[in-house]
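Undergrad: generate coordinates for the sequence data below:
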Amino acid sequence: MNLLSLNVHAWMEDHQEQKLEYLADTIAAKDYDLIALQEVNQTIAAPIVDGEIRKDNYGQVLLELLKQRGVNDYSYHWSTSHIGYDIYDEGLALLSRYPVLESEGFYTSKSQDIHTIDSRKIVRLKVDVQGQALEVYSCHMNLPTSQTESQVDNLQRLVGHTDFEGLKIFMGDFNTDALGNPQAYQTILDQGLLDTYQMAQEKDSGVTVCKSIDGWKGQSQDKRLDYVFVNRELPVKSSRVIFNGQNQEVVSDHFGLEVALSL
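TA: Numbers count the residues shown, from 1 in each chain. Alright, predicted model coming up:
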């Protein structure tokens, strides 16, 4: 099973159209089974085309670009979390090649006010992998320094959201730097989660941000903010950072994370 997680920083990148085309090229070539995206934005003023999805929804545009490349087998699931920069519906998305049994968006934060960035929604799918059900989550968590939300409470709501006893895969931007704040990173592991980076037979530095970005202003050091966590031991072949200028071109203010694992 090949996984990709990426905070896409949608519509806020220089040369955004070029980067989006490059992302589509790479996904078409890499053949991922599940893709988790964060900061999947759409402008509030754009017309609705399907449910809550607007015409310029970044993930929807990406899906159309993939179809132009002959990739037609992803289902797309998106939900808005909060308003970003006063002009965007900021949301999360999952793309799945597997049949989807369940799909939902839910808040892990106490706040569910779309006008505050402390409101954090997760997208969850239950999918069927050759007769075996598993759950996959696209996550964009609050910073450990949030003044209104408890990271532990948010994590507990995430991990305990369903009573599903099978494999759960939590992918995304956890806004916790394993390199600079090992205590906050340990808090995640203390919820019963295992880091596929630590389990991987092959891995690189794991660094997914190497500059000052929103939420981490003035912190230009290397950071490991993006993860693929699981709730049980399983074979992990590799964990590699992608879109970092060495393994593919940069497409966002975060690098991506690709993980190959076996059930």
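
Undergrad: isn't residue 179 right up against residue 222?
TA: Yes. With contacts counted by Cβ atoms under 8 Å, residue 179 reaches residue 222, the gap being 6.3 Å. Glycine gets a C-beta too; all of them are placed from N, C-alpha and C.

Undergrad: the stretch 151-263 of the chain: helices as residue ranges?
TA: 151-159, 182-189, 196-199 (DSSP state H, counting those that start in this stretch).

Undergrad: any idea how far the residue nearest the centre of the chain is from residue 63?
TA: Centroid-nearest residue in the chain: residue 172, 3.2 Å away (criterion: Cα atoms, centre = their mean). Distance, residue 172 to residue 63, using Cβ to Cβ, to the nearest Å: 19 Å.

Undergrad: picking up where we left off before, between the helices of the stretch 151-263 of the chain, which one is nearest to residue 29?
TA: Of all the helices of the stretch 151-263 of the chain, it is helix 196-199 that lies closest to residue 29, at 22.1 Å by Cβ to Cβ.

Undergrad: what's that closest one packed up against?
TA: strand 226-230, strand 236-242 (3 or more Cβ pairs under 8 Å, 6 or more residues apart in numbering; DSSP states H and E).

Undergrad: check contacts around residue 66.
TA: Going by Cβ atoms under 8 Å, 6 or more residues apart in numbering, residue 66 touches 24, 27, 28, 72, 74.

Undergrad: what about the second one, which SS state?
TA: Per DSSP: H, G, I helix; E, B strand; the rest coil, the local secondary structure of residue 27 is helix.

Undergrad: helix, strand or coil: sort out the nearest residue in space to it that is not next to it in sequence for me.
TA: Leaving aside its sequence neighbours, residue 27 sits nearest to residue 66 (Cβ to Cβ, 6 or more residues apart in numbering; 6.3 Å). Secondary structure, three-state DSSP: residue 66 is helix.

Undergrad: of the helices and strands packed on helix 196-199, flag the one that's most buried.
TA: strand 226-230 (a mean of 25; mean count of other Cβ atoms under 10 Å).

Undergrad: what about the residue nearest to residue 27, distance to residue 132?
TA: 26 Å.

Undergrad: contacts only, for residue 94.
TA: Neighbouring residues of residue 94 by Cβ under 8 Å, 6+ apart: 34, 35, 36, 37, 76, 77, 123, 125, 136, 138.

Undergrad: what about the residues you listed, which are in helices?
TA: Of those, none are assigned to helices by DSSP state H.

Undergrad: which of the residues you listed fall in strands?
TA: Judged by DSSP state E, strands contain the following of the contacts of residue 94: 34, 35, 36, 37, 76, 77, 123, 125, 136, 138.

Undergrad: partner residues bridging the last one?
TA: In other words, residue 138. With DSSP bridges as the criterion, residue 138 is bridged to residue 123, residue 171.

Undergrad: which residues does the closest residue to residue 164 other than its chain neighbours contact?
TA: Among residues not flanking residue 164 along the chain, residue 135 sits closest, at 5.4 Å (Cβ to Cβ, 6+ apart). By Cβ under 8 Å, 6+ apart, residue 135 lies in contact with 124, 125, 126, 127, 162, 164, 166, 167, 168, 169.
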